[in-house]
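In: Sequence and predicted structure, then a few things I'm wondering about:
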Amino acid sequence: MAWPQVDPRVATPVAIDQRAADNLRFIRETMERSSVFTSLPGRGTIAIGATALVAAWIASRQGRPEAWLAVWLAEACVAVTIATFTTARKIRSAPTATSLRPLRNFTLGLAPPFLAGAALTVALCWEQATWAVPGVWLLLYGCGIATGGAFSVRMVPVMGACFMVLGCVALITPAQWRDIILAAGFGGLHLLFGTIVTRRYGG
């Protein structure tokens with residue numbers, strides 16, 4: 001009787017230690033991807049929301065579009081400074097070494113919408129259509145948050161979606177409401193989600 005032939009196409013069993021190493025690598029990469037938002041500072045996000053409320057109050061009292069725009073551009077610089085400082089501080093104070101790859105991926109996700117927003121702001125101001133600027137800012141900021149945090153916790157895309165909804169509202173409401181809507185977005189949403197991050201993931 002002939003012995004059964006072993007099919008050479010049958011895959012060789014994978015060693016247990018190799019499979020365990022692959023599983024650990026997958027878990028580590030998944031945790032790194034999901035740590036994007038928790039690496040960001042909750043208290044810094046709250047501070048950005050607070051300064052945005054102040055900026056909205058000051059901007060609402062400007063009579064010229066140029067002055068109004070200058071106030072919000074100054075607020076953008078303040079927000080970037082706060083985010084940079086508090087993020088670096090949180091990374092340094094982490095009890096364990098924090099991977100910079102998730103933060104880098106989040107930043108790369110934010111960059112294209114931010115650049116598009118800057119270009120559209122120039123174009124809209126050139127055409128004297130500043131009424132559309134708040135909607136464009138909120139929409140593109142929301143897109144950046146949603147795409148940058150695609151592999152983070154569910155809270156991040158939800159935050160981005162909220163900004164996008166406000167952006168759509170800003171495009172169909174009277175121009176007199178622009179500072180109220182900007183205050184609700186850059187002020188209120190940052191305060192809300194910053195508080196959630198601080199309570200769940202630390203400052």
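Out: Perfect, I can see it now. Numbering: from 1, shown residues only.
In: So which residue is dead centre in the chain?
Out: In the chain, the centroid-proximal residue (CA atoms, centre = their mean) is Ile145; its distance is 3.0 Å.
In: close enough to count as contact, it and Met159?
Out: Yes. Contact status for Ile145 versus Met159: in contact at 5.5 Å, counting by CB atoms under 8 Å. C-beta here means a position set from N, CA and C on the backbone, and glycine is covered the same way.
In: which stretches of the chain form strands?
Out: Using DSSP state E, the chain contains no strands.
In: how about the helices in it?
Out: Counting by DSSP state H, the segments of the chain that form helices are 16-34, 42-59, 65-92, 100-126, 133-148, 155-172, 178-182, 190-201.
In: now the longest one, how far from the chain's geometric center?
Out: Pointing back at helix 65-92 there. Centroid separation for helix 65-92 versus its chain: 14 Å, with CA atoms, centre = their mean, to the nearest Å.
In: now the shortest one
Out: Per CA atoms, centre = their mean, the displacement of helix 178-182 from the mean C-alpha position of its chain is 20 Å.
In: Only the buried residues of that helix, if you could.
Out: By neighbour count, with 16 or more other CB atoms under 10 Å as the criterion, the buried positions of helix 178-182 are 178-179, 181-182.
In: Quick one: mean pLDDT for that helix?
Out: The average pLDDT within helix 178-182 is 93.
In: Low-confidence stretches in this protein?
Out: 1-40, 91, 93-103, 105, 149-153, 202-203 (pLDDT under 70).
In: mind running it again at 80?
Out: For the chain, residues meeting the criterion pLDDT under 80 lie at 1-41, 87-110, 148-156, 200-203.
In: In this structure Met155 contacts Leu192, no?
Out: No. Met155 is beyond contact range of Leu192, at 10.4 Å (criterion: CB under 8 Å).
In: picking up where we left off before, starting from Ala88, give me the distance back to the residue lying closest to the residue nearest to the centre of the chain once chain neighbours are set aside.
Out: Leaving aside its sequence neighbours, Ile145 sits nearest to Gly160 (CB to CB, 6 or more residues apart in numbering; 3.5 Å). Per CB to CB, to the nearest Å, Gly160 is found 23 Å from Ala88.
In: Neighbour count: these two, which is higher?
Out: Gly160 (23 against 12; other CB atoms under 10 Å).
In: I'd assumed Cys143 was in contact with that one.
Out: Yes. Counting by CB under 8 Å, Gly160 does reach Cys143; the two are 6.8 Å apart.
In: Gln176 - how many residues pack around it?
Out: 9.
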